[in-house]
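> When you get a sec, could you give me coordinates for this:
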Amino acid sequence: MSETDDWLAALLGQPAADVADLEPVTSQEAARRLALLGVPDVDHTDVLATLPSPKRTPELWEALQRCHQVLYAEDPIPSRKVDWPNAPEELGVAGRYFYVHLYLLALPTLLTLHRRLRIPFDVTTRTVRDLGAKVAGYRKYYDRGGFDRQGWLVRHFRGTLHRLGRLQFDRAVLTIDEYHAEPDTGPKDGTPVLEVHIPGDGPMTPEACDESFRRARPFFRAHFPDEQYEYGTCRSWLLDPQLSEFLKEDSNIVQFQRRWTPFGPTPDCDSDVCEFVFHLPPGTGDLAVLPQDTTLQRAIVSHLQTGGHWRQGCGWLALP
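Next comes the predicted model:
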């Protein structure tokens, strides 16, 4: 069996579910969806040229159908874990955009879900445009078109994650199994929480973050009335307390850190930091040639050059 055969077997081996089939789309409609998803114009031609169809590429189409079933299978608070490996290199451009095709074709299912939940359309668009941001990031990392964050976008398309202003909020439950700890105060094991994520598309000013936090509880109370969220959690290199040794007290990052009460382990995350700050693929990068144009860039490089490591911090806060 070829690598493609193995990859297809893995996707088709996922459990089937009673979910409406995907529908083929015209190039015009596909282009409209790409624009809504924020996919950069430079990627449109290749995405459209390699879009699978039931007749032309039946095996790829069936794999998309099965992934769509997994994406929208019944689940009270949908799991964010999927086993969707990257397509093998032998599939070329079609493989690199396979999961863009999935989310493009799945968009009507998400829009129907959001309409049922009465999610404002501006929230929907801000949320799903993260796909385009990740496609743009792939090109920065690898100097070619593609997408490899299929597991991350599950949250957006299952309706657990929503972007409210500057921040993203993901419906979740704090568990000791996942967090490897429980705060001394605040949320306990089994408590519903909103996991906070910070998109990398602009400054995280205190004012912008304040506005996002103020919106969170009213939004989820209105659209998910059976779920109660009193706490937020965050796991990010931005919560590494070492950053306060390099940055000014009034910097956006240090002010963001002060919102959180730390808890739990702090694993190394050097690759995550270099990926976010320098747009490098995980596990790559020569420290000697990395740009040091900003205070943050200089801090990251100097700490690594002296043998230090950056760590993923974890914290909780009470939502306003």
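
> Domains in the protein, by residue range?
Under automatic domain parsing, the residue ranges defining each domain of the chain are 1-120, 160-320.

> okay if I get those as JSON lines plus mean neighbour count, mean pLDDT and distance to residue 145?
(C-beta placed from N, C-alpha, C; glycine too.) As requested, the domains of the chain are exported to JSON lines (neighbours: other CB atoms under 10 Å; pLDDT from 0 to 100; distance: least, CB to CB, whole Å):
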{"stretch": "domain 1-120", "mean neighbour count": "16", "mean pLDDT": "96", "distance to residue 145": "5"}
{"stretch": "domain 160-320", "mean neighbour count": "16", "mean pLDDT": "95", "distance to residue 145": "15"}
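
> In TSV, list those along with distance to residue 150.
Converted to TSV, these look like this (distance: least, CB to CB, whole Å):
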stretch	distance to residue 150
domain 1-120	4
domain 160-320	14
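
> so residue 133 sits in a helix?
Yes - per DSSP: H, G, I helix; E, B strand; the rest coil, residue 133 lies within a helix segment.

> who touches it in this structure?
Applying CB atoms under 8 Å, 6 or more residues apart in numbering to residue 133 gives the contacts 38, 199-201.

> mind checking which helix or strand the residue positioned nearest the centre of the chain is in?
Among the residues of the chain, the one closest to the centroid is residue 152, at 3.8 Å (CA atoms, centre = their mean). Using DSSP states H and E, residue 152 falls within helix 150-158.

> do the same with residue 80
Residue-wise, residue 80 maps onto no helix or strand under DSSP H and E.

> For the residue nearest to the centre of the chain, which non-adjacent residue is closest in space?
Closest residue in space to residue 152, ignoring its immediate chain neighbours: residue 134 at 7.0 Å, by CB to CB, 6 or more residues apart in numbering.

> same thing with residue 67?
Excluding the flanking residues, the one nearest residue 67 by CB to CB, 6+ apart is residue 102, at 5.3 Å.

> and that neighbour, that's in a strand?
No - per three-state DSSP, residue 102 lies outside any strand segment and is helix.
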